[in-house]
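Novice: Provided below for reference: sequence and predicted model.
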Amino acid sequence: MVNRPRTFLAAASAAAILGSVFLTSTPASATAGSCKSGDACLYYNSGYGGSKYGISGPVSDYAPYKFKGGNANGQRLKNNVASVRNMSTSLILTVFYNNTYNCKYACQKFPPGSKANLNSKMKNENASQLMNTGLDLSHKPV
Amino acid sequence: MRIARTVLGPIAAFAIVAGATACSSSSDGGTDAAPPSIGPVQQLTDMSHQALPLEAYMLQPGQFATIMSARRQLVTQCMQRFGFDYQPATADGGTDPTAGKTQSQMRYVDSSAHVSAYGYHQEPGVGAPAVEPQRSPTELAVLTGSPDGGDAPGQATGRDIPEGGCFGEVDRTLAQRGVIIQDDELVSTINIEGMSRSTQDPRLKQAFTAWSACMKGKGYTYATPKEANQDPRWSTPTASAEEIGTAVADLACMTENNVVGTWFAVESAYQKQQIEANFEKLEQVRRSIDTSIRVANGIVAAG
């Protein structure tokens, strides 16, 4: 259950390259160590344990953020999250494998008020997030 | 705000990593032999009528929307028991780049219309925040089980608040009825592994080499599409003329060398290998999607 730091240095350096290129959107609020209603609550460990970070709204790149307090104190938030609680009461949270809301590789959606571990290949691969109503669909429900 | 697209960002990383981890991968179904054979390669750039084999096991955008509608309806009914009229946000601050798109439609290249207007950038408006509705502490407690996300279950309007609030109650109900609200774990794994393996495949590498020669002929020097995509000169608020010129040439060389057709064929072959190796589990996933849609449609119809 414990989140292990990534061992794939190659992927980490790719992330570092991207991070240097892209500026970051300003989230509605971001608080290391605590989560509140409306936040994406991002946990260092699986099963909603360990250090946490509450961050709401869009984040085009998690690179500037670091955990504060808990077992991952001072460690980066980007590519270091194992489980997620969507504390928005109506917005769908999407966590993206790449920066800038890019789902070319993969992304994982969390309905409002839901929680889940990141899927195993998404774990420690969180790069950006969006929070949307989910109503912006060119496809109608089936 | 810089909203650039990082189409091929992680590929170099995976080209290195996947080779080192292939032997220990949990879902590769055995030893890594020769690359899988691919069928006829179609000429492709537009993916709107194509689907990767794995997509039969992924929640499609309309299916996910149906499940969200049913879930919203059950949450509304639960809130009504406590006298609350649950109103979700109805407007987004900006567009959602994943809206209505399947994985294969997001995977390979952007449309000609997109690259000629925005280069490698996202279209304007992506990432603008939606407004989270304000709710009273009591309404929040009923919705979530606790106004601050901690653990303080209690009562509201003389009734016991369910564990995890109305969201918790509804998700237990949906789970009991066999409704999934996210893609399956195994499906997510195959999606990501198939992509990373395809970029190592000799046939795709050959296509990248041909693409690079084509770009050289147009005056652009890049070894791979990823390099063009990640050029540091593109770190401007909006796409420069130079960036748009490069992105247009990139797409032309992708088309001329049928990189997308090759990529789609190669990735499909890796996915098929995994689908065969995990056939029983994936058939269960397919049945759970069928159940989810049937139950969700029933909930929505019952009103």
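Specialist: Right, received. Where do you want to start?
Novice: from B:Arg286, how far out is B:Arg71?
Specialist: 21 Å (CB to CB, to the nearest Å). Just so you know, the C-beta spots here come from the backbone N, C-alpha and C atoms, and that holds for glycine as well.
Novice: ignore what I typed, I meant B:Gln271.
Specialist: Noted for B:Gln271: a distance of 14 Å to B:Arg286, by CB to CB.
Novice: the more surrounded of those two?
Specialist: B:Gln271 (23 against 13; other CB atoms under 10 Å in any protein chain shown).
Novice: could I get the average pLDDT for the strand or helix carrying the more buried one?
Specialist: Element membership for B:Gln271, per DSSP states H and E: helix B:259-277. The pLDDT scores in helix B:259-277 average 96.
Novice: show me what the very next helix or strand once past it is packed against.
Specialist: Note on helix B:259-277: by DSSP H and E, the next helix or strand toward the C-terminus is helix B:279-302. Judged by 3 or more CB pairs under 8 Å, 6 or more residues apart in numbering or on different chains; DSSP states H and E, helix B:279-302 is in contact with helix B:61-81, helix B:185-198.
Novice: contacts for helix B:279-302 next, please.
Specialist: Helix B:279-302 has contacts (CB atoms under 8 Å, 6 or more residues apart in numbering or on different chains) with A:141-142, B:56-57, B:59, B:63, B:66-67, B:69-71, B:73-74, B:174, B:177-180, B:184, B:186-187, B:275.
Novice: end to end, how far does stretch B:246-264 reach?
Specialist: 23 Å (CA to CA, to the nearest Å).
Novice: do stretch B:51-62 as well
Specialist: For stretch B:51-62, the first-to-last residue distance is 15 Å (CA to CA).
Novice: please see if it touches chain A.
Specialist: Yes: Stretch B:51-62 reaches chain A (CB under 8 Å from any CB of the partner chain) through B:60-62.
Novice: tell me how far B:Val75 lies from B:Asp96.
Specialist: Where B:Asp96 is concerned, B:Val75 sits at a distance of 21 Å (CB to CB).
Novice: coming back round to it: distance to A:Lys36, mean neighbour count and mean pLDDT for the helices and strands packed on helix B:279-302 - can I get that in JSON lines?
Specialist: Compiled in JSON lines, the helices and strands packed on helix B:279-302 are given as follows (distance: least, CB to CB, whole Å; neighbours: other CB atoms under 10 Å in any protein chain shown; pLDDT from 0 to 100):
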{"stretch": "helix B:61-81", "distance to A:Lys36": "20", "mean neighbour count": "20", "mean pLDDT": "96"}
{"stretch": "helix B:185-198", "distance to A:Lys36": "28", "mean neighbour count": "23", "mean pLDDT": "95"}
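Novice: and these as JSON lines, adding distance to B:Tyr108?
Specialist: Compiled in JSON lines, the helices and strands packed on helix B:279-302 are given as follows (distance: least, CB to CB, whole Å):
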{"stretch": "helix B:61-81", "distance to B:Tyr108": "18"}
{"stretch": "helix B:185-198", "distance to B:Tyr108": "10"}
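Novice: where exactly do the strands run in the chain?
Specialist: Using chain A here. A:29-32, A:40-45, A:49-56, A:83-86, A:92-98, A:102-110, A:115-117, A:128-132 (DSSP state E).
Novice: oops, chain B please
Specialist: Under DSSP E, chain B gives strands at B:155-156, B:159-160.
Novice: most tightly packed of those strands?
Specialist: Comparing the strands of chain B by mean neighbour count (mean count of other CB atoms under 10 Å in any protein chain shown), strand B:155-156 comes out on top with a mean of 14.
Novice: quick one: residues in contact with that strand.
Specialist: For strand B:155-156, contacts defined as CB under 8 Å, 6+ apart pick out B:82, B:138, B:141-142, B:161.
Novice: next step: those restricted to helices.
Specialist: B:138, B:141-142 (DSSP state H).
Novice: can you pick the most crowded of the residues you listed?
Specialist: In the ones in helices among the contacts of strand B:155-156, the most neighbours by other CB under 10 Å go to B:Val142, 28 neighbours.
Novice: for that residue, give me its contacts.
Specialist: Contacts of B:Val142 were listed using CB under 8 Å, 6+ apart, and they are B:79, B:82, B:84, B:156, B:161, B:165-166.
Novice: and for B:Pro133?
Specialist: Residues in contact with B:Pro133 (CB under 8 Å, 6+ apart) are A:89-90, B:87-89.
Novice: any chance of CSV for the residues you listed, columns pLDDT?
Specialist: Below are the contacts of B:Pro133 laid out as CSV (pLDDT from 0 to 100):
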residue, pLDDT
A:Thr89, 95
A:Ser90, 93
B:Gln87, 94
B:Pro88, 92
B:Ala89, 90
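Novice: returning to that earlier point: deepest of the strands of chain A, which one?
Specialist: Burial of the strands of chain A is given as mean neighbour count (mean count of other CB under 10 Å); strand A:128-132 ranks first at a mean of 29.
Novice: and that one with strand A:49-56, angle?
Specialist: For strand A:128-132 against strand A:49-56, the angle by axes from the mean of the first three to the mean of the last three CA atoms, to 10 degrees is 60 degrees.
Novice: let me know whether strand A:128-132 sits next to chain B.
Specialist: Yes: contact between strand A:128-132 and chain B, assessed by CB under 8 Å from any CB, occurs at A:130-132.
Novice: state the mean pLDDT of that strand.
Specialist: Averaged over strand A:128-132, pLDDT sits at 94.
Novice: what helices or strands is it leaning on?
Specialist: Using 3+ CB pairs under 8 Å, 6+ apart, the elements in contact with strand A:128-132 are strand A:92-98.
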